[in-house]
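A.B. asks: sharing a model that was predicted from the sequence below.
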Amino acid sequence: MYRTHTCGELRKEHSGSEVTLSGWIQRVRRLGGMTFIDLRDRYGITQLVIDEKATKSLQQQVDDLGREFVIQATGKVLERESKNSKIPTGDVEVDITELTILSPSAVPPFTIQTDTDGGDELRMKYRYLDLRRDVVRENLVLRSKMAVAIRNYLDAQQFIETETPVLIKSTPEGARDFIVPSRMNQGEFYALPQSPQVFKQLLMVAGFDRYYQIVKCFRDEDLRADRQPEFTQIDCEMAFVEQNDVLETFEGLTRHLFKLLKGIDPGTFVRMPYAEAMEKYGSDKPDMRFGMIFNNMTEIAKGKDFGIFNSAEYIVAIAVDGAADYSRKQLDELTKFVQRPQVGAKGMVYVKYNTDGTFKSSVDKFYDQNDLKTWVEACNAKPGDLLLLLSGEKTCTLQQMSALRLEMGKQLGLLDKNTFKPMWVTDFPLLEWDEDTKRFHAMHHPFTAPKPEDLEMLNTNPGAVRANAYDLVINGVEIGGGSVRIFDSALQAKMFNLLGFTKEQAEAQFGFLMNAFKYGAPPHAGIAFGFDRLVSLFAGLDSIRDVIAFPKNNSGRDIMIESPSPITQEQLDELGLKINIKK
Ligand code: ASP
């Protein structure tokens with residue numbers, strides 16, 4: 001038997017009993033003739049002590065020990081004289097009489113503790129050592145708990161967990177596919193799924209009624225902190241439902257997770273149409289933890305001698321709570337912030353609403369105190385607030401203000417990681433015009449149904465048609481998205497046509513789906529949550545990498561196993577592939 005207890009288990013009550021522990025050596029300390037060893041496993045750390053009166057051979061063994069050695073130790077539990085209240089086992093220590101080295105360790109490349117000295121690259125190269133650290137492992141424990149909670153919840157709601165294939169053909173979700181060459185069908189390729197979209201719809205045609213899967217998906221995109229080439233979705237589909245049924249079911253799931261894993265009730269989930277989110281927050285994923293709602297100043301602020309505003313399509317303002325005392329330097333820095341290429345504004349106008357009721361602005365030359373008063377009134381600002389204004393082409397200006405709003409939220413400390421404000425954004429545009437290719441793209445995907453009241457506009461003004469689509473957004477992060485689906489083959493064919501597919505192309509790519517719709521397709525709708533994002537949100541992390549056991553780096557590489565990597569000529573020949581790399 002390797003152990004009678006784990007390293008996190010022993011308490012005062014165990015004093016006097018003989019125990020055996022196994023684990024990794026966190027550190028060895030010598031004090032006079034005594035040796036103290038912190039023994040660590042997943043469950044905790046227990047102090048072992050080797051007394052000066054221990055046998056010679058035991059003393060000698062201790063001399064060989066080093067960090068991260070795996071040992072087994074047997075001895076008696078003693079109550080400690082000087083207790084350590086920082087760890088649950090801090091009341092006791094184990095007085096060792098027998099010790100076995102199960103596995104020695106080379107000197108680890110970084111220290112295995114919360115505040116490690118290892119940099120990112122090094123920790124990724126030795127991810128198995130990084131995973132020994134509590135802070136890293138805890139994120140994965142949370143991930144596991146969340147997966148179990150999701151399964152239990154959806155299972156209780158009659159969802160059937162169904163696996164769908166990983167070797168498929170291209171799904172049109174808008175990203176690039178990962179491609180796998182077929183050996184048995186040379187010259188032909190599988191694609192890895194960007195999502196199980198078409199399969200889950202086929203499961204609805206099959207009468208499964210409710211499907212879910214916690215599933216790996218693959219998108220060959222450039223990577224950012226919240227993107228990985230392979231990621232996990234909580235993927236769902238339901239039949240005989242309308243939008244509201246889906247929202248309620250998944251609001252229920254989200255609430256359940258918050259309650260179970262964080263002990264909190266996240267309050268009502270606001271539902272906001274896309275158009276309103278854009279006008280009020282300049283974003284389709286607004287962070288609702290704080291206000292600073294946009295005010296349209298286009299009418300109010302025009303008509304004086306300020307040419308920049310007069311020529312602008314749109315003028316937007318936010319009132320920043322209590323920031324009228326921002327210094328010249330801080331305001332200059334904000335101007336620099338909006339002028340960064342990532343934000344792209346030309347300049348910024350400010351108005352300080354002083355506590356004495358007067359106004360000081362960067363455009364005092366053009367606007368008198370009365371003008372500025374109408375501005376602050378329009379923004380519902382109060383003395384002590386700071387008004388920030390941006391102007392220009394409407395869409396760009398709204399986006400720029402969204403960036404500025406978030407920056408102000410950050411500067412004022414309003415992005416509290418322990419506050420959660422979930423919301424639904426609904427009624428997205430069905431189509432997006434692409435200037436480069438001069439054609440429409442589906443904003444969500446081609447299977448999304450238009451809102452019934454907008455159906456007619458498909459013929460007259462397709463760009464204005466709203467989709468029966470929705471996103472779950474929490475604290476400015478898109479956690480999930482889905483839609484009510486088209487279940488009529490004629491409408492689906494029309495959609496493909498609008499998206500620029502010829503009849504033949506649509507038939508070749510999606511004939512199976514349109515064919516399936518001919519055999520009794522129920523009305524259906526679904527959603528997928530980004531599981532990694534949800535876990536990282538719950539863990540208070542900014543990057544999804546930290547909730548993935550073996551993530552890829554920003555170049556899509558696994559630097560531990562060194563992948564991707566070349567394959568042998570023999571493998572290439574077998575696949576019938578010739579490689580011609582342009583460098
Ligand atoms: N397949 C979609 C996605 O991956 C989700 C859905 O529409 O259910 O975003």
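C.D. replies: Received the coordinates, thanks.
A.B. asks: from here on, just use CA atoms for contacts and neighbour counts.
C.D. replies: OK.
A.B. asks: does residue 349 touch residue 390 like I think?
C.D. replies: Yes: the criterion here is Cα atoms under 8 Å, and residue 349 meets it with residue 390 at 6.5 Å.
A.B. asks: looking at these two, which is more packed in?
C.D. replies: The neighbour comparison of residue 349 against residue 390 (other Cα atoms under 10 Å) goes to residue 390, with 25 against 15.
A.B. asks: list the contacts of that one.
C.D. replies: 315, 316, 317, 345, 347, 348, 349, 397, 400, 401 (Cα atoms under 8 Å, 6 or more residues apart in numbering).
A.B. asks: just give me the neighbour total for the second one.
C.D. replies: By other Cα under 10 Å, 24 other residues sit near residue 316.
A.B. asks: for the third one, same thing?
C.D. replies: Using other Cα under 10 Å, residue 317 has 27 neighbouring residues.
A.B. asks: give me the secondary structure label for it.
C.D. replies: strand (DSSP: H, G, I helix; E, B strand; the rest coil).
A.B. asks: list the residues that contact residue 155.
C.D. replies: Contacts of residue 155 by Cα under 8 Å, 6+ apart are residue 161.
A.B. asks: got the phi/psi numbers for it?
C.D. replies: Dihedral pair for residue 155: phi -60, psi -40, per degrees, to the nearest 10.
A.B. asks: could you identify the buried members of the contacts of residue 390?
C.D. replies: Taking 16 or more other Cα atoms under 10 Å as the criterion, what is buried in the contacts of residue 390 is 315, 316, 317, 345, 347, 348, 397, 400, 401.
A.B. asks: now render those as CSV, adding pLDDT.
C.D. replies: CSV is the format used below for the buried ones among the contacts of residue 390 (pLDDT from 0 to 100):
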residue, pLDDT
315, 98
316, 98
317, 98
345, 96
347, 96
348, 98
397, 98
400, 98
401, 98
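A.B. asks: which of those lies closest to the ligand?
C.D. replies: residue 400 (25.7 Å; Cα to the nearest ligand atom).
A.B. asks: can I assume that closest one sits in a strand?
C.D. replies: No: the assignment for residue 400, made by three-state DSSP, is helix rather than a strand.
A.B. asks: give the contact list for it.
C.D. replies: By Cα under 8 Å, 6+ apart, the neighbours of residue 400 are 282, 338, 343, 344, 345, 390.
A.B. asks: how close does it sit to residue 286?
C.D. replies: Separation of residue 400 from residue 286 (Cα to Cα, to the nearest Å) stands at 13 Å.
A.B. asks: which residues of the protein lie near the ligand?
C.D. replies: Residues of the chain lying close to the ligand (Cα under 6 Å from any ligand atom) are 195, 197, 481, 482, 483, 526, 527, 528.
A.B. asks: show me the two of these that sit farthest apart.
C.D. replies: Farthest-apart pair in those is 195 and 483; separation 13.9 Å (Cα to Cα).
A.B. asks: could you check which of those two has the larger neighbour count?
C.D. replies: Between residue 195 and residue 483, counting by other Cα under 10 Å, residue 483 is the more crowded of the two (28 against 22).
A.B. asks: and residue 358, how close does it get to residue 373?
C.D. replies: 9 Å.
A.B. asks: between those two, which is the more surrounded one?
C.D. replies: Per other Cα under 10 Å, whichever of residue 358 and residue 373 has more neighbours is residue 373, with 18 against 13.
A.B. asks: sec struct for the more buried one, please.
C.D. replies: Classified using three-state DSSP, residue 373 is helix.
A.B. asks: which strand residues bridge the nearest residue to it once chain neighbours are set aside?
C.D. replies: Among residues not flanking residue 373 along the chain, residue 359 sits closest, at 7.7 Å (Cα to Cα, 6 or more residues apart in numbering). Beta bridges link residue 359 to residue 353 when assigned by DSSP bridges.
A.B. asks: check what pLDDT residue 359 gets.
C.D. replies: We note a pLDDT of 97 for residue 359 in this prediction.
A.B. asks: got it, and residue 434?
C.D. replies: Model confidence at residue 434 (pLDDT) stands at 88.
A.B. asks: now the contacts of residue 400 as JSON lines including secondary structure?
C.D. replies: Shown next, in JSON lines, are the contacts of residue 400 (three-state DSSP):
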{"residue": "282", "secondary structure": "coil"}
{"residue": "338", "secondary structure": "helix"}
{"residue": "343", "secondary structure": "coil"}
{"residue": "344", "secondary structure": "coil"}
{"residue": "345", "secondary structure": "coil"}
{"residue": "390", "secondary structure": "strand"}
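A.B. asks: quick one: contacts for the closest residue to residue 575 other than its chain neighbours?
C.D. replies: Leaving aside its sequence neighbours, residue 575 sits nearest to residue 183 (Cα to Cα, 6+ apart; 4.6 Å). Shown in contact with residue 183 (Cα under 8 Å, 6+ apart): 574, 575, 576.
A.B. asks: where does the last one land on pLDDT?
C.D. replies: Think residue 576. Predicted confidence (pLDDT) for residue 576: 94.
A.B. asks: gap between it and the ligand?
C.D. replies: Relative to the ligand, residue 576 is positioned 32 Å away (Cα to the nearest ligand atom, to the nearest Å).
A.B. asks: which secondary structure elements does the longest strand anywhere in the chain contact?
C.D. replies: Secondary structure of the chain per DSSP state E: the longest strand is strand 18-31. With contacts taken as 3 or more Cα pairs under 8 Å, 6 or more residues apart in numbering; DSSP states H and E, strand 18-31 sits against strand 34-41, strand 70-79.
A.B. asks: how far does it sit from the chain's center?
C.D. replies: 38 Å (Cα atoms, centre = their mean, to the nearest Å).
A.B. asks: and residue 391, which of the three is it?
C.D. replies: Applying three-state DSSP: residue 391 is strand.
A.B. asks: quick check: nearest residue in space to it, chain neighbours excluded?
C.D. replies: residue 315 (4.3 Å).
A.B. asks: show me the contacts for the one you found.
C.D. replies: By Cα under 8 Å, 6+ apart, the neighbours of residue 315 are 296, 297, 298, 301, 309, 389, 390, 391, 392, 394, 397.
A.B. asks: by neighbour count, which of these wins?
C.D. replies: residue 391 (27 neighbours).
A.B. asks: that residue touches residue 310, doesn't it?
C.D. replies: No: using Cα under 8 Å, residue 391 makes no contact with residue 310, being 9.6 Å away.
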